[in-house]
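Participant: Prediction below, plus the sequence it came from.
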Amino acid sequence: MVEGGAFNGDAPGGRDVLIGIDAGTSVIKAVAFDLDGRQLGAASVANRYRSGADGSAVQDMARTWADCAASLRGLADRVPGLAARTAALAVTGQGDGTWLVGRDGPVGDAWLWLDARAAPTVTRLGQDRARFEATGTGLNTCQQGAQMAHMDAHHPDLLDRAEVALHCKDWLYLNLTGIRATDPSEASFTFGNFRRRAYDDAVIAALGLTHRRALLPPIIEGTQITHPLTAEAARATGLLSGTPVCLGYVDMVMTALGAGVLAGHEGQGAGDVACSTVGSTGVHLRAVAAERVHLNDQGTGYVICLPVPGMVTQVQTNMAATLNLDWVLGLAADLLSEMGQPVTHRDLVARLDGWLAQAAPGRVLYHPYISEAGERGPFVDADARAAFTGLSAAHRYPDLVRAVAEGLGMAMRDCYAAMGPLPSELRLTGGAARSPGLRAILSACLNAPLRVSARDEAGAAGAAMMAAVAIGAAPDMRSCIDRWVTPLLGAPEMPDPDLAATYARLYPAFAATRAAMPPVWAALARSRPTTGETG
């Protein structure tokens, strides 16, 4: 259904393009697809944010909208006749964070998910079990609820001047349509109940924000309701006024949807499918019916609604994934540079599979907590740090590289184990998907077949799929998956049984070592300087 526009559901004649906007932390992308999901073109603008010594990470809201509009204008240069051909556009973006809007526009800069200033407030609030049972999500500094609670205690003037608290994609939707709203995914994992896809007064009270309840925007379902592009936004973007705009879900689930976390009609009887994005960070999701959600005892992870009735994703996220590989490859780069033999990161990545093949599996444990922010999944510990266990004088550089790669697989298994039984199939996106050796390790760590999607821009595709359903270009999401997702999935890569057996024996040692380390991490944290720390 389109509210207030000239479109009545079916894609009008000649309008054969759907646009997905994905406003990530590093890049804002606009991607065009035909009605069958084939990518027609893409344009992007680098995102910009500022970090401070106080833990702040903020973004200029007006600039973000200007960059989004610029990406859409750039897309028009790559897709002939884009404005007249566009049947609808949809927007997704980086999750969490706090984007405050007042009567006259933004209330200062947005607080991003990277902002760490709310850490003392998270400690003060603690992990309220009733709040966790409702949201399915452990409280952390990334989230709008924690950030607003911190603002309320320390910067109340920000909330006093605000009329609505939005997320990144909601802010862009406001600029595109003039409508203040959010979606069921972010609303429920922050302030609500994932079973009802609605705000929960008890959750809001647990955050101490009952008196700020009026700042929470209405929740709209983007597969059912769109709003027309305003004349002002049309002038900024080059698109036609009245074009239907769909508010997508948060980028994590849009990427998973576009990559295949949910089966279409053919796969409804298939086993438990999971989707991992192994890039700088690791995001691990599995699609389950809401009544089948497994809530772990540690109170960690997320439960995020999918744009399919009754279906949600369980999510665990590693703070650092391929950043660990960047680190170990960087050691080689530094040494070679010292010896007058400089190499590029690309040169070293090209040798990755060779090094993996040279080393025997399962000889050294590596815990991949290389981020200075510690770890957040499946446990939360800001002091957690990476370590090798089991080194001997016989080990060489390829053994270190293989241990790091295996550490990513073990950490992935750790995350899925916190969500219930291990999945029966893994669908992989991100930089790790390009390495056959790394894919084999990840598949064996889960003892599950692995499939890679040929989809380049899964997040934008997931959002555009919602728009396809909203305007009637697809009858429902599973039909859209059959057309947009399933044909792009590669053949299953089966796990090597011997390697899977090795990792099954190794994982208990990985988990036991991780469980024993917190006192060591805490002692190391106490020994670090309080100022000028480099990690």
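Facilitator: Everything's here; your move.

Participant: can you give me the strands in the stretch 101-250 of the chain?
Facilitator: Taking DSSP state E, counting those that start in this stretch, the strands of the stretch 101-250 of the chain run over residues 105-106, 110-111, 164-166, 192-193, 198-199, 227-228, 244-247.

Participant: how about residue 411, secondary structure?
Facilitator: Under the three-state scheme (DSSP: H, G, I helix; E, B strand; the rest coil), residue 411 adopts helix.

Participant: any idea how far residue 381 lies from residue 367?
Facilitator: Going from residue 381 to residue 367 by C-beta to C-beta, to the nearest Å gives 11 Å. Every C-beta, even on glycine, is put in place using the N, C-alpha and C of the backbone.

Participant: if you count what's nearby, which of those two comes out ahead?
Facilitator: Remark: of residue 381 and residue 367, residue 367 carries more neighbours, 22 against 17, as counted by other C-beta atoms under 10 Å.

Participant: Need phi/psi at the more buried one.
Facilitator: Here is the backbone geometry of residue 367 (degrees, to the nearest 10): phi -100, psi 120.

Participant: ok, it touching residue 379?
Facilitator: No - with contact defined as C-beta atoms under 8 Å, residue 367 does not reach residue 379; the gap is 11.3 Å.

Participant: ok, the closest residue to residue 117 other than its chain neighbours - contacts?
Facilitator: In space, residue 117 comes closest to residue 55 once its chain neighbours are excluded; the distance is 4.9 Å by C-beta to C-beta, 6 or more residues apart in numbering. Residue 55 makes contact with 115, 116, 117, 119, according to C-beta atoms under 8 Å, 6 or more residues apart in numbering.

Participant: My read is that the first one contacts residue 143, right?
Facilitator: No - counting by C-beta under 8 Å, residue 143 is not a contact partner of residue 115; they are 10.4 Å apart.

Participant: Next one: residue 517 from residue 525, what distance?
Facilitator: Going from residue 517 to residue 525 by C-beta to C-beta gives 12 Å.

Participant: now residue 124
Facilitator: Per C-beta to C-beta, residue 124 is found 20 Å from residue 525.

Participant: And residue 155, by the same measure?
Facilitator: Where residue 525 is concerned, residue 155 sits at a distance of 27 Å (C-beta to C-beta).

Participant: Do I have it right that residue 202 meets residue 130?
Facilitator: Yes - with contact defined as C-beta under 8 Å, residue 202 reaches residue 130; the gap is 6.4 Å.

Participant: Give me the below-cutoff pLDDT ranges for the stretch 201-350 of the chain.
Facilitator: 264-271 (pLDDT under 70).

Participant: swap the cut-off to 90 and go again
Facilitator: Along the stretch 201-350 of the chain, the parts satisfying pLDDT under 90 run over 252-253, 256, 259-273, 277-283, 287-289, 291-301, 317-323, 330, 332-349.

Participant: ranges for the helices of it?
Facilitator: Taking DSSP state H, counting those that start in this stretch as the test, the helices found in the stretch 201-350 of the chain are 201-206, 231-237, 251-259, 322-338, 345-350.

Participant: what does the last one contact?
Facilitator: It stands for helix 345-350. For helix 345-350, the surrounding residues in contact (C-beta under 8 Å, 6+ apart) are 326, 329, 330, 332, 333.

Participant: what separates it from the chain centre, distance-wise?
Facilitator: A distance of 26 Å separates the centroid of the chain from that of helix 345-350, by C-alpha atoms, centre = their mean, to the nearest Å.

Participant: buried ones in it?
Facilitator: Residues of helix 345-350 classed as buried under the neighbour-count rule (16 or more other C-beta atoms under 10 Å) are 348, 349.

Participant: Equivalent analysis for the fourth one, please.
Facilitator: For helix 322-338, the buried set under the neighbour-count rule, 16+ other C-beta under 10 Å, comprises 322, 323, 324, 325, 326, 328, 329, 332, 333.

Participant: For that helix, which outside residues touch it?
Facilitator: By C-beta under 8 Å, 6+ apart, the residues outside helix 322-338 that reach it are 278-281, 342-345, 348-349, 352, 366, 368, 370-371, 386, 397, 400-401, 404-405, 407-408, 430-432.

Participant: Wait, residue 149 touches residue 207, no?
Facilitator: Yes - using C-beta under 8 Å, residue 149 is in contact with residue 207, at 5.0 Å.

Participant: What are the boundaries of the strands in the stretch 301-450 of the chain?
Facilitator: 302-305, 311-318, 365-367, 387-389, 425-429, 450-452.
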